[in-house]
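>>> Kindly return the folded structure for what I paste below:
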Amino acid sequence: MKKSIVIITCFIFISCSTQMKINKSKDIDILIKTPVKLITDEPVMFTIKNNSNSTYVIDPYGFVGNSYWMLNNEKLNPINFSRGYRSREDIDCRNDLIILNPKQKMDTTLSLNFMERAIYDFSKTGRYTRIIESRHNGKNGMLLGCKQYINELERKGYRLLDDSIDAKIPFVK
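Numbering: from 1, shown residues only. I've put the predicted structure just below:
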């Protein structure tokens, strides 16, 4: 009887989430626990893991591509678009860029498609999925004014992440 209670209690408190790799690189893993809770005012956390012996530079705003939301396998239409743009000074680059040392692992936030300006309505119930196809490279990482700082780091032997994301990330409400 006691064994049954312990086993049932364990099943109640075990969460059923898994980590999903969303990028293509073998040196760097970008992982997300799925399904992700859809909380619009909280950032989504990613785990970045360096599997190599190199130090990598990752711009959290350096992913650019195509992304959209789906609800129950139907593409959502945006209800609005945000305005404005982001630019950075050298000090911003030093604060923003992620320096990932060999074999290091960290939890952080990322913008998986910096150019996306769409605003969506998440009030309906159902299965939400975020579709993302984006790329992180020197061109994208320097869009916001970090060229000088990134070049400085590369001269020191750091490597700028050159990677792509092709993911369908499930969300739950």
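>>> Please tell me how far the closest residue to residue 72 other than its chain neighbours sits from residue 69.
Nearest non-adjacent residue to residue 72, counting by C-beta to C-beta, 6 or more residues apart in numbering: residue 126, 4.4 Å away. The way it works is simple: take the backbone N, C-alpha and C, and place the C-beta from them, glycine included. Separation of residue 126 from residue 69 (C-beta to C-beta, to the nearest Å): 11 Å.
>>> any common contacting residues for these two?
When C-beta atoms under 8 Å, 6 or more residues apart in numbering defines a contact, no residue borders residue 126 and residue 69 alike.
>>> Counting neighbours, go ahead and name the busier of those two.
Neighbour count, other C-beta atoms under 10 Å: between residue 126 and residue 69, residue 69 has more, with 21 against 13.
>>> Centre-most residue in this protein?
The residue lying closest to the centre of the chain (C-alpha atoms, centre = their mean) is residue 110, at 4.1 Å.
>>> Could you report the pLDDT at that residue?
Looking at residue 110, its pLDDT stands at 94.
>>> That one is in contact with residue 47, isn't it?
No: counting by C-beta atoms under 8 Å, residue 110 does not reach residue 47; the two are 10.5 Å apart.
>>> Please identify every residue contacting each of those two.
With C-beta under 8 Å, 6+ apart as the test, residue 110 and residue 47 both reach residue 30.
>>> my guess is residue 32 is in a strand, correct?
Yes: under DSSP: H, G, I helix; E, B strand; the rest coil, residue 32 falls within a strand.
>>> was I right about it contacting residue 46?
Yes: contact status for residue 32 versus residue 46: in contact at 5.4 Å, counting by C-beta under 8 Å.
>>> And the strands in the protein?
Secondary structure of the chain by DSSP state E: the strands cover 18-21, 28-34, 36-37, 46-50, 56-58, 63-71, 74-75, 80-81, 98-100, 105-108, 118-119, 128-136, 159-160, 163-172.
>>> what's the most buried one of these?
Mean neighbour count, computed with mean count of other C-beta atoms under 10 Å, is highest for strand 56-58 among the strands of the chain, reaching a mean of 23.
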